[in-house]
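J.: I need the structure of the sequence given here:
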Amino acid sequence: TCALPILVVAGAAAINRLRRMRQKDPELEQMMLTNAALPKRKYELTFHTGDAKHSGTDAMLHMSIIGTEGMTAPPMIISSKHKHFGTGVTKGFTIKDVDMGVIKGVALALDHTSSAHPGWKLSTLTIFDLPRGTRYTLKFTDWITVPKKGEELQWKFYEVTATEQIRDPSSDISDDDNDA
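T.: Take a look at the predicted model:
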């Protein structure tokens, strides 16, 4: 175990921390060092973009998963230049990160990478914690918008809307079976 505690954050507190990521913040730097030293576990992320006209985006996605035991730090950055988030598209990714405990939500922000389709109508995001066998679902009703050029990222917290136990967490699933 690590002697340094993981910073536990949720909702607005997480957003404030993410906004300060561009500044020198010793507490955040310590959290990132602590997270880097901890064992990793696998999470499967599945994004489903809405079907309405122009629901897709070619903006850069910044995301941090927030749980009862911590959060991804630094935030993940997912490039959509390969059309990952096109209208009606479902796209999955597997990541390895620290054990975040029970997932409470995600903080999302979009960044300018193109002016063609900067907003995003994300329909659902599913986070599957493989070792725990728990699936967390987030449903989205509003468009995720991009700040105007020169403005800071507009982080917004979205809460988990449903939790489902898929399998018994005591069954033998190893975090090291496959690389992320």
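
J.: from here on, just use CA atoms for contacts and neighbour counts.
T.: Will do.

J.: which non-adjacent residue is nearest Ile77?
T.: For Ile77, the nearest residue in space outside its immediate sequence neighbours is His62; the separation is 4.6 Å by Cα to Cα, 6 or more residues apart in numbering.

J.: how many neighbours does the one you found have?
T.: Residue crowding around His62 was assessed by other Cα atoms under 10 Å; the count is 19.

J.: and what of Ala52?
T.: Ala52: 10 neighbours (other Cα under 10 Å).

J.: what about the residue nearest to it when sequence neighbours are not counted, neighbour count?
T.: Once flanking residues are discounted, Ala52 sits nearest to Thr87: 7.1 Å by Cα to Cα, 6+ apart. The local packing of Thr87 (other Cα under 10 Å) involves 20 other residues.

J.: can you check Met71 too?
T.: Number of residues near Met71 (other Cα under 10 Å) recorded here: 30.

J.: what sits opposite it in the beta ladder?
T.: Ile66 (DSSP bridges).

J.: just to revisit the earlier point, measure the residue nearest to Ala52 to Trp143 for me?
T.: In this structure, Thr87 and Trp143 are 13 Å apart, going by Cα to Cα, to the nearest Å.

J.: okay then, goodbye and thanks.
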